[in-house]
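Peer 1: Sharing a model prediction with you, sequence too.
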Amino acid sequence: MAFFPTSEEATCKQDNIANAVSLTTDTIPTGYVCFNLTDLFTQSSDNGSKGLWHSSKNTSSQGVDYLLSNRGSYNANANYTNVWYQQVDQASNTKPGADGTWVFYTYAFADCIQNGGDAYELNDFPWFETSCQTKDAGECQQLPKTVKSFAIGPADKYNVNHRGCEVWATMGDASTLNRRTSALLAVAITIAAFLML
């Protein structure tokens, strides 16, 4: 994945990541691994490894080994709203839109926080999830807010739970607002009914 400032949307859409800050990995983690952009691209080495978000004592847990490019061009004050992402089948059986092997999450807040609190309107600061294979050249997505953090996780159960892979799903599901509003309403009705008993 690669990150471009708002002003470089055209370069991102050309799938030209030669000068972009980027992370490459072929590791499929066993759980959720979170990265802060600033921490990641200001570290002192291009090679690194990151453990699972909630580390486990289970020795079979696998985080992410990665390689960074163009750390020197990272600007902590820039708005990185353009994200280039590539997920292809390593056996060269790439099928854009087919289930991928990992999920890529992007967040408008540090530490992979989905909601910044009451001062931030959720609709204005959404997070995004994508788990489908891309075309060989990757794909560029412009997001409404700068990316402060992102995460990588395994897609096997995720794709099953979502009845297939997701492509830049807003807040976890392309139709999440309607579904979550209905779910919250159902929970509220259930609680109200319980309290009346």
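Peer 2: Received, thanks. Numbers count the residues shown, from 1 in each chain.
Peer 1: Report pLDDT for A98.
Peer 2: For A98, the model assigns a pLDDT of 90.
Peer 1: ok, it to D136 distance?
Peer 2: 13 Å (C-beta to C-beta, to the nearest Å). From N, CA and C alone the C-beta is placed, and that goes for glycine too.
Peer 1: now swap in D89 and tell me
Peer 2: 10 Å.
Peer 1: One more: M1?
Peer 2: M1 is 15 Å from D136, by C-beta to C-beta.
Peer 1: and if you look at G63?
Peer 2: From G63 to D136 the distance is 27 Å (C-beta to C-beta).
Peer 1: Out of the two, name the residue with the larger neighbour count.
Peer 2: G63 (19 against 12; other C-beta atoms under 10 Å).
Peer 1: can you pull the contacts of the more buried one?
Peer 2: 27, 29, 33, 49-52 (C-beta atoms under 8 Å, 6 or more residues apart in numbering).
Peer 1: One more: S69?
Peer 2: Taking C-beta under 8 Å, 6+ apart, one finds 2, 17, 20-24, 46 in contact with S69.
Peer 1: Please compute how far the lengthiest strand in the chain lies from its chain's middle.
Peer 2: Ranked by number of residues, the top strand in the chain under DSSP state E is strand 99-107. What separates the centre of strand 99-107 from the centre of its chain is 6 Å, taken as C-alpha atoms, centre = their mean, to the nearest Å.
Peer 1: which residues touch it?
Peer 2: Contacts of strand 99-107 with the rest of the structure, by C-beta under 8 Å, 6+ apart, involve 1, 28-29, 83, 85, 87, 112-114, 127-133, 143, 147-156, 158-159, 164-166.
Peer 1: what's the neighbour count on A10?
Peer 2: 11.
Peer 1: Please report how far it lies from W84.
Peer 2: If you measure A10 against W84 using C-beta to C-beta, the figure is 12 Å.
Peer 1: residue nearest the centroid of this protein?
Peer 2: What sits nearest the mean C-alpha location of the chain, by C-alpha atoms, centre = their mean, is Y105, with 1.4 Å.
Peer 1: For it, name its beta-bridge partners.
Peer 2: Counting by DSSP bridges, Y105 is bridged to E129, A151.
Peer 1: For this protein, which segments count as strands?
Peer 2: Taking DSSP E to define them, one finds strands in the chain at 2-4, 21-24, 33-36, 47-50, 64-69, 82-85, 99-107, 128-132, 139-142, 149-154, 169-170.
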